[in-house]
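Enquirer: Using only what follows, build the 3D model:
(one chain, ligands or ions: 1)
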Amino acid sequence: MISHPDAGKSTLTEALVLHAKAITEAGAIHGKAGRRSTVSDWMEMEKARGISITSTAMQFPYQTNTGETCIVNLLDTPGHADFSEDTYRVLTAVDSAVMLIDAAKGLEPQTLKLFEVCRLRRIPIITVVNKWDRPGRHALELMDEIQARIGLRPTPLTWPVGIAGDFKGVLDRRAGNFIRFTRTAGGATAAPEEHIDPSRAHEAAGIDWDTAVEESELLSADGADFDAETFFNCTSTPVLFTSAALNFGVNQLLDVLAQLAPSPNGQLDVDGNRREASAPFSAFVFKVQAGMDSNHRDRIAYARVCSGTFERGEVLTHAATGKPFVTKYAQSVFGQQRSTLDTAWPGDVIGLANAAALRPGDTLYRDIPVQYPPIPSFSPEHFAVARGTDPSKHKQFRKGIAQLEQEGVVQVLRSDRRGEQAPVFAAVGPMQFEVASHRMAAELSAPIQLEPLPYQVARAVVDPADVEFLQRQPSCEVFTRTDGVILAVFSTKWRLEGFQRDNPKVQLESLVAAGDD
Ligand code: G4P
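Expert: Numbers count the residues shown, from 1 in each chain. A predicted model of the protein is given here:
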């Protein structure tokens, strides 16, 4: 589930779970200061700032309108651009993405970036135009924007009956009938839906129905009908219209997830060979998260099952080290709640508690070895020296830094010049520093002070023989990242370009960019 912040991701996540009847009343799980609570936001900083920093995994069964039961694994992502690295990690673990757009705002900067990441990773996208209960843009105009700005052909599955702000329901473009929505107080329970035959729809919705039919015909004439092949190869996107806050249109999204979204279909390994879903068990860690529960101070590695079945307690192999990995502490994670997980299948997410050895990108397997591709680290754009404020806590300081690094909260850079006591934090967005600082003090008992460095651009040094030369340059500083990559960092793009012009023999490589680098 991805979107620009505030498009309604947390609200829709909760509405989906509510509709799937996993919880009986929205907001029942826990509260967020001054806001409506949701199942998927929980950390203290998130509550204070009203944003999602962490991402969550949820699983629920859903019975489709054709009576089949489908298991939905839903991964929520942090919306804020500063945490795009985390969002990217989550996107390595999914088979499709639900992209939420605010009906009044259309495509926003973060939406555009996320669309691009999905395209690069070839993740089929289902687009949801949300907040249709509020005045917003015209639906056709939004479709044009999607087509023009991201080159993805929108193929609406439903079409709004009534303009944004006057939402009566949707035209189900495949079945042809009118799905009428009825408001319930505060949207706290699943909104009743009524399926009305097209012959009676005009009577029920008046001219708004006629307009919807007319516009739908225009869309068909324009080739905007659902097409599975182009959806799977990421050149078209099915579109739905919702009001997550009023629980409108949520059932349709669940049906689309169950019926149209691709099911797990094996995974390409580091050599580009597919490990079929039916092969012996394998999974990869896409996220490591600590401090989720202040009473436990534990860390959980989230692994997505790629092939085979998982049985708790069996011994797997950790591909990075070749060491055995015991899975006694496997859990299923549902927002903040956890329970023991005994079995899991492809597409499921396993929470492995106290898995100190695991880091994002690691592979676990049974019987037949496999290694999945590593998750690339993004090119950092913010840098700061971290110093412990209490010299007696140097042990905690070192341990804490190592932990944040392992989880991927920030990248940690080191150099002989700055020494072990003053590692440099590198991040895609400055809010990552806030999270790191907060956690060092509150959770790891080693408060730090961060001194910003005037750098903005990082490049990988291709030939280690160039390091000495680079170290002598006043325009850059050289660091080693934990993954072994040597980084040359520059204050501005302009400085970098000047250096490259003057020293064409020194090879510098771009890193994966979070945005428009
Ligand atoms: P996010 O996770 O994408 O950041 O968004 P979130 O769900 O937190 O929603 C952002 C705001 O938009 C919330 O309002 C939420 O209630 C509202 N919202 C979400 N979906 C809809 C919708 O379909 N229609 C309308 N009208 N509003 C919607 P808030 O002011 O931050 O909180 P609250 O006091 O309204 O709960």
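Enquirer: mind listing the strands for the stretch 301-450 of the chain?
Expert: If you assign secondary structure with DSSP state E, counting those that start in this stretch, the strands in the stretch 301-450 of the chain sit at 310-311, 315-318, 323-326, 330-334, 337-340, 343-344, 349-353, 363-365, 382-388, 411-414, 424-427, 448-453.
Enquirer: quick one, which of the ones you listed is nearest to the ligand?
Expert: Relative to the ligand, the nearest member of the strands of the stretch 301-450 of the chain by C-beta to the nearest ligand atom is strand 330-334, separated by 17.4 Å. Where you see a C-beta, it was placed from the backbone N, CA and C, and this is true even at glycine.
Enquirer: shaky segments in the stretch 201-350 of the chain?
Expert: By pLDDT under 70, the weakly predicted segments of the stretch 201-350 of the chain are 291-297, 333-338.
Enquirer: ok, the closest residue to the ligand within it - contacts?
Expert: At 3.4 Å from the ligand, residue 245 is the closest residue in the stretch 201-350 of the chain, using C-beta to the nearest ligand atom. When contacts are counted by C-beta atoms under 8 Å, 6 or more residues apart in numbering, residue 245 touches 8, 11, 131, 133, 187.
Enquirer: do you know how far the first one is from the ligand?
Expert: In other words, residue 8. Counting by C-beta to the nearest ligand atom, to the nearest Å, the separation of residue 8 from the ligand is 3 Å.
Enquirer: surely that residue meets residue 101?
Expert: No: with contact defined as C-beta atoms under 8 Å, residue 8 and residue 101 do not form a contacting pair (9.5 Å).
Enquirer: so what sits against both of those two?
Expert: Shared contacts of residue 8 and residue 101, defined by C-beta under 8 Å, 6+ apart, comprise residue 130.
Enquirer: Following element in sequence after the least confident helix or strand in the chain by mean pLDDT, please.
Expert: Taking mean pLDDT, DSSP states H and E as the measure, the helix or strand of the chain with the lowest value is helix 44-49, at a mean of 54. Of the helices and strands lying after helix 44-49 in sequence (DSSP states H and E), the nearest is strand 57-63.
Enquirer: Quick check: next helix or strand after that next one?
Expert: On the C-terminal side of strand 57-63, the closest following helix or strand by DSSP H and E is strand 69-75.
Enquirer: mind checking how far residue 137 is from the ligand?
Expert: Plainly put, residue 137 is 14 Å away from the ligand if you go by C-beta to the nearest ligand atom.
Enquirer: Which pLDDT value goes with that residue?
Expert: Per-residue confidence for residue 137 comes out at a pLDDT of 95.
Enquirer: Now it: closest residue in space that isn't a chain neighbour?
Expert: The spatial neighbour of residue 137 that comes closest, neighbours along the chain excluded (C-beta to C-beta, 6 or more residues apart in numbering), is residue 106 at 5.8 Å.
Enquirer: The one you found touches residue 148, doesn't it?
Expert: No: Residue 106 is beyond contact range of residue 148, at 10.9 Å (criterion: C-beta under 8 Å).
Enquirer: These two: who's more crowded?
Expert: residue 106 (18 against 9; other C-beta atoms under 10 Å).
Enquirer: Phi and psi next, for that one.
Expert: Dihedral pair for residue 106: phi 70, psi -150, per degrees, to the nearest 10.
Enquirer: Pull the contacting residues for it.
Expert: If a contact means C-beta under 8 Å, 6+ apart, then residue 106 has 137, 141-142, 145 as its contacts.
Enquirer: same thing with residue 428?
Expert: Contacts for residue 428 were tallied using C-beta under 8 Å, 6+ apart; they are 81-85, 378-382, 514.
Enquirer: Closest to residue 110 out of those residues?
Expert: Each of those was scored against residue 110 by C-beta to C-beta, and residue 81 proved nearest at 5.2 Å.
Enquirer: Pull up the per-residue confidence for that closest one.
Expert: pLDDT for residue 81: 69.
Enquirer: element containing residue 211?
Expert: helix 207-221.
Enquirer: Buried residues, the helix or strand following that helix. List them.
Expert: Moving toward the C-terminus from helix 207-221, the first helix or strand encountered (DSSP H and E) is helix 228-232. Buried positions in helix 228-232, judged by neighbour count with 16 or more other C-beta atoms under 10 Å: residue 231.
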